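Colleague: how would this look folded up:
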Amino acid sequence: MSKRKQSVGDDSDDSSSDVSLIDVDFDFFDPNPKVDYQALKRLLNQLLQKDAEVYNFDIHALTELVLGQPTVGTTIKTDGIESDPYAFLTVLNMHVHHEHPSIKAIANYALEKSSADPAFHTTLQALFSQNQSHVALVLSERLINMPVQVIPPMYNMLAREMQWAIDDNEPYTFSHYLFITRNYHLTPEEESLLLNAAPSSKGPTSKKSKKATTTQPVPETTPDGIYSYHPEDECIKSASIHSVDYRFKVDSEPREKDSFGLDTRGRIMLVPGERFPELIAKMSEVPPATMSLFLFSSPSLSPLISLLAKYDTALSLYDDLARDISQMKKATQLVRQKILKLFETKVRRKKALGIQSEALDVLLAAEVKAQQRRKGAGPRKARRWD
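Modeller: Here you go, the predicted model:
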């Protein structure tokens with residue numbers, strides 16, 4: 001049984017063929033250790049990008065930790081409990097799990113990235129060095145084409161589940177919530193293309209185009225070209241006391257002008273515990289026409305978004321395959337070394353046998369010559385003794 005079912009689709013009275021939409025039922029489930037491991041691992045890799053490998057987050061152990069608390073957290077599926085989740089949300093107690101290698105690595109990661117903001121860095125140092133209050137690590141990620149409407153119910157469920165856990169004397173009372181998420185950077189040229197792709201506000205030609213005009217205003221640009229990957233991140237940022245944006249470690253080099261995909265970056269935010277209920281309420285009011293949502297819902301960009309979704313999935317699969325290949329290479333090197341040692345041993349034995357064979361040939365030749373000499377000398381005559 002799912003926690004809840006939510007349908008997302010188009011109105012039945014819209015008959016225009018401008019945009020093709022389908023009805024989808026989203027089911028909300030508890031994390032399932034039996035079937036969710038691979039999908040959650042890919043989503044965590046998508047969230048943390050290459051930094052997960054650079055900073056040794058141990059995604060395998062982190063995935064196991066998330067699945068180890070199935071009563072707190074939510075996954076979203078469309079084909080029943082045995083299918084892969086398309087989104088997840090959970091919270092981990094960083095103080096309870098402070099000895100866990102993944103949590104320890106993420107804490108050090110947050111301290112390093114927050115060093116660009118001394119006040120943020122000092123606050124995190126103080127929080128991580130005491131035991132009176134606990135800090136929650138909020139992890140949330142979804143496929144690129146998942147609708148934002150599924151997010152408020154997930155956070156509402158999380159709040160209820162944490163309260164039930166607190167009622168059972170479990171450690172889910174937090175003084176602060178630490179969010180790790182993604183954002184992206186647009187160059188002035190990319191922002192110009194985005195604005196040009198916005199639907200015109202004049203002369204609607206159909207019911208759907210009129211509806212799109214009234215619900216999707218022209219997106220606004222930002223001074224630094226940094227945009228939230230998910231619309232709810234703007235609510236989280238506004239509720240936070242500290243926030244820092246940063247480049248991923250392996251993407252520190254400038255991108256080429258014709259590079260494919262988005263210039264994806266990272267963001268860490270710290271929200272006080274008393275603001276968390278207000279934050280959840282605010283998420284239900286996220287306007288559907290924010291720039292982030294428009295970027296991923298504009299009909300003119302839908303082919304690109306579909307391609308980016310496939311690209312993200314392919315990239316995650318490629319990372320898994322690359323790690324498997326690396327492990328296979330290591331195993332192959334070990335086998336090769338063993339084969340070389342065995343070969344060298346056989347060569348040494350063969351040489352030893354060759355020396356023994358040569359020695360036997362010499363002895364045999366000497367014996368043959370001795371026999372020939374004996375035959376050539378004939379029978380010995382008896383010596384007379386006078």
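
Colleague: All the strands of the stretch 151-300 of the chain, in order from the start?
Modeller: Secondary structure of the stretch 151-300 of the chain (DSSP state E, counting those that start in this stretch): strands at 176-185, 226-228, 242-246, 263-272.

Colleague: Which of the ones you listed has the lowest mean pLDDT?
Modeller: Least confident of these, judged by mean pLDDT, is strand 226-228 with a mean of 87.

Colleague: okay, the strands of the stretch 151-300 of the chain in CSV with mean neighbour count next?
Modeller: All C-beta spots, glycine's among them, are computed from the backbone N, C-alpha and C. Compiled in CSV, those are given as follows (neighbours: other CB atoms under 10 Å):
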stretch, mean neighbour count
strand 176-185, 20
strand 226-228, 19
strand 242-246, 18
strand 263-272, 20
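
Colleague: nearest to Asn169, of those strands?
Modeller: Nearest to Asn169 among the strands of the stretch 151-300 of the chain is strand 176-185; the distance by CB to CB comes to 20.7 Å.

Colleague: so what does the closest one touch, helix or strand wise?
Modeller: Judged by 3 or more CB pairs under 8 Å, 6 or more residues apart in numbering; DSSP states H and E, strand 176-185 is in contact with helix 37-48, helix 101-113, strand 135-142, strand 226-228, helix 232-239, strand 263-272.

Colleague: Pairing partners for it, with directions?
Modeller: Neighbouring strands of strand 176-185 in its sheet, by DSSP bridges, are strand 135-142 (parallel), strand 226-228 (antiparallel), strand 263-272 (antiparallel).

Colleague: Switch these over to TSV; also include distance to Ala370.
Modeller: TSV is the format used below for the strands paired with strand 176-185 (distance: least, CB to CB, whole Å):
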stretch	distance to Ala370
strand 135-142	89
strand 226-228	98
strand 263-272	88
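
Colleague: Can you check which of the ones you listed gets nearest to Leu124?
Modeller: With CB to CB as the measure, strand 263-272 is the member of these nearest Leu124 (7.2 Å).

Colleague: what sits up against the closest one?
Modeller: Contacts made with strand 263-272 from outside it, assessed by CB atoms under 8 Å, 6 or more residues apart in numbering, are listed as 49, 51, 110, 113-114, 120, 123-124, 175-187, 226, 228-229, 233, 236-237, 239-248, 251, 255, 279.

Colleague: one more time with 7 Å
Modeller: Residues outside strand 263-272 that contact it (CB atoms under 7 Å, 6 or more residues apart in numbering) are 49, 51, 110, 113-114, 120, 123, 176-185, 236-237, 239-248, 255, 279.

Colleague: and if you look at stretch 128-147?
Modeller: Residues contacting stretch 128-147 (CB under 7 Å, 6+ apart): 8, 43-44, 46-47, 66, 86-95, 106-107, 127, 171, 173-179, 296, 305, 308-309, 312.

Colleague: ditto for stretch 180-196
Modeller: With CB under 7 Å, 6+ apart as the test, stretch 180-196 has contacts from 47, 218-219, 221, 225-230, 233, 245, 262-268, 295.

Colleague: Could you point out which of the helices and strands packed on strand 176-185 sits nearest Thr75?
Modeller: helix 37-48 (7.6 Å).

Colleague: CA atoms of the closest one as PDB?
Modeller: Extracted in PDB, the C-alpha atoms of helix 37-48 (Å, rounded to 0.1, in the frame of the first residue of the first chain):
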ATOM      1  CA  TYR A  37      19.000   0.600  -3.700                       C
ATOM      2  CA  GLN A  38      20.100   1.100  -7.300                       C
ATOM      3  CA  ALA A  39      17.700   3.900  -8.000                       C
ATOM      4  CA  LEU A  40      18.500   5.800  -4.800                       C
ATOM      5  CA  LYS A  41      22.200   5.400  -5.500                       C
ATOM      6  CA  ARG A  42      21.800   6.900  -8.900                       C
ATOM      7  CA  LEU A  43      19.700   9.800  -7.500                       C
ATOM      8  CA  LEU A  44      22.400  10.500  -4.800                       C
ATOM      9  CA  ASN A  45      25.100  10.500  -7.500                       C
ATOM     10  CA  GLN A  46      22.900  12.900  -9.500                       C
ATOM     11  CA  LEU A  47      22.500  15.200  -6.400                       C
ATOM     12  CA  LEU A  48      26.200  15.200  -5.300                       C
END
